[in-house]
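Q: Starting from these lines, generate the structure:
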Amino acid sequence: AEGEGVGAYEDVPGFCRSVPLAELREHEFVLTPGRYVGAAEAEVDPDAEPVEERVARLTKELFGLFEESGRLEDAVRMQLGRI
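A: All right, here's what the predicted structure looks like:
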């Protein structure tokens, strides 16, 4: 049957979609893909870290890096002062 087997076309949300001529006409034949393909469904990772926890962890890590940066800056300034 037509459309079956290897290479058969299938709409892919956020990537491609076959639309009828009437829908193209509604959009005055503007072919901007975003008008037609929609958005891909976001994949849900059941093991993903909750956003609040991730922000807290990354903030703590960033502040630790700021402290290290300050310590290294002080060491460099001290070494440059000896020259």
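Q: Alpha carbons only: can I get the worst-scoring helix or strand of the chain on mean pLDDT in CSV?
A: Least confident helix or strand, the chain: helix 34-37 with a mean of 86, by mean pLDDT, DSSP states H and E. In CSV, the C-alpha atoms belonging to helix 34-37 read as follows (Å, rounded to 0.1, in the frame of the first residue of the first chain):
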residue,chain,number,x,y,z
GLY,A,34,7.6,27.5,12.3
ARG,A,35,4.0,28.3,11.1
TYR,A,36,3.4,24.7,10.3
VAL,A,37,5.7,22.3,12.1
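Q: right, and the helix or strand after that helix?
A: Toward the C-terminus, helix 34-37 is succeeded by helix 51-81 as the next helix or strand (DSSP states H and E).
Q: now the residue nearest the centre of the chain: how far from residue 48?
A: Within the chain, one residue has its C-alpha closest to the average C-alpha position: by Cα atoms, centre = their mean, that is residue 42, at 9.8 Å. Distance of residue 42 to residue 48, computed by Cβ to Cβ, to the nearest Å: 11 Å. Just so you know, the C-beta spots here come from the backbone N, C-alpha and C atoms, and that holds for glycine as well.
Q: ok, back up a step: got the contact list for the least confident helix or strand of the chain?
A: 12, 13, 14, 15, 16, 17, 19, 23, 27 (Cβ atoms under 8 Å, 6 or more residues apart in numbering).
Q: per the record, what domains does this protein have?
A: Residue ranges for each domain of the chain read 8-41, 46-82, as given by the TED database.
Q: What residues of the least confident helix or strand of the chain count as buried?
A: Judged by neighbour count (16 or more other Cβ atoms under 10 Å), helix 34-37 contains these buried residues: 36, 37.
Q: Offset the numbering so it begins at 22, please.
A: All set: I'll call the first residue 22, so the last point we hit is now helix 55-58.
Q: Now do that helix: distance to the chain's middle.
A: Averaging C-alpha positions (Cα atoms, centre = their mean, to the nearest Å) puts helix 55-58 18 Å from its chain's average.
Q: which residues of this protein score low on pLDDT?
A: When residues are selected by pLDDT under 70, those of the chain lie in 22-26.
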